[in-house]
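Student: sequence? don't have it. structure:
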Ligand SMILES: Nc1nc2c(c(=O)[nH]1)N[C@@H](CN(C=O)c1ccc(C(=O)N[C@@H](CCC(=O)O)C(=O)O)cc1)CN2
């Protein structure tokens, strides 16, 4: 147009700043490796993480494999208990009892989801609370509800804690912000709502789920969106408040019927980065933080067991 010359700067699409989970997880691992060395050198204790994996779900196998790799990187011993998909509740509970008694195991997790015939809540409840590396035992979740959990007493669930760390480490303050959490699962949505409404963070949280009827209105008002629904691409750029902070947690493996190739898809469309102020990539955002916070829980449990204040 005559008389108006657009510069490249004016026409370039805005792009959100990156909430880089890979870098933050790397920093956390370096900090943990130092604390592990102190446990070994000064207290003669090597933290040990055990994983219990039932069945042959490829995603669960990949997550568990990642957890063992992480342990090797930072100096945590790791022990795998891979069990057949048709294991009975009784047999699985026997494995849990063995891990509760094993002094080499300072913490352990049961990879979720379990096959449908197993009672997940009964399994989680059987884990010794002091060895619960996922923070999903009713005692540890109860402490979160009562607002008495901190690293000195009990572990926090890994994904919610990872989300908080990712925000804090990027200097993002949520006081007074409207946070919309989409998904009410026990590993992400519910505990995240409890964490973000603590006085230290002081956000106002709305928990949306499949029964929510006004998601578009909620999205339009949200300063921060945490999408943990597991529906690929359900959040579109146009639905977001401009400048929103977006954390994409959901991961779905989508297989192309023609090529048979499987790719990972998040809950948020990639072009949301043109509207958001900050956005976590997926992969490479919250997932690596989940793994890093698991390591932190294992280290903190070992520190508590020898009477060191975690992180001190
Ligand atoms: N016992 C538990 N089970 C499950 C949890 C959990 O915290 N405890 N969370 C998820 C799975 N999960 C950890 O177990 C997990 C998910 C994703 C990632 C991750 O690093 N993802 C990568 C992408 C790679 C991929 O998905 O293949 C990324 O986001 O960059 C780590 C751990 C359910 N079960």
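Tutor: Sure, I can see it. All values derive from a computational prediction rather than experimental measurement.
Student: Around the one residue in the stretch 151-300 of the chain that gets nearest to the ligand, how many other residues sit close by?
Tutor: The ligand sits closest to residue 287 of the stretch 151-300 of the chain, with a gap of 2.1 Å, by CB to the nearest ligand atom. For every residue, glycine as well, the C-beta is placed using N, CA and C. Residue 287 has 24 neighbouring residues, counting by other CB atoms under 10 Å.
Student: Can you tell me the element it falls in?
Tutor: helix 286-305 (DSSP states H and E).
Student: related to what we said a few turns ago, what's the residue of the stretch 151-300 of the chain closest to the ligand in contact with, if anything?
Tutor: 21, 251 (CB atoms under 8 Å, 6 or more residues apart in numbering).
Student: how much space between it and residue 105?
Tutor: Residue 287 sits at a distance of 24 Å from residue 105 (criterion: CB to CB, to the nearest Å).
Student: Quick check: the residue most central in space within the chain vs residue 166, distance?
Tutor: Geometric centre of the chain, nearest residue: residue 159, 1.6 Å, by CA atoms, centre = their mean. According to CB to CB, residue 159 and residue 166 sit 10 Å apart.
Student: Next: residue 44.
Tutor: For residue 44, the distance to residue 166 - CB to CB - is 34 Å.
Student: average pLDDT for stretch 262-269?
Tutor: Stretch 262-269 carries an average pLDDT of 94.
Student: and that stretch, does that touch the ligand?
Tutor: Yes - interface with the ligand: stretch 262-269 contributes residue 264 (CB under 6 Å from any ligand atom).
Student: ok, and what's touching that stretch?
Tutor: Residues contacting stretch 262-269 (CB under 8 Å, 6+ apart): 182, 225, 227-237, 246, 248-256, 279, 282-283.
Student: cool, and stretch 204-219?
Tutor: By CB under 8 Å, 6+ apart, the residues outside stretch 204-219 that reach it are 176-184, 189-190, 192-193, 196-197, 222, 225, 235, 239-241.
Student: so how many other residues sit close to the residue of the stretch 51-200 of the chain at minimum distance from the ligand?
Tutor: Closest approach between the stretch 51-200 of the chain and the ligand, counting by CB to the nearest ligand atom: residue 112, at 3.6 Å. By the criterion of other CB under 10 Å, residue 112 has 16 neighbours.
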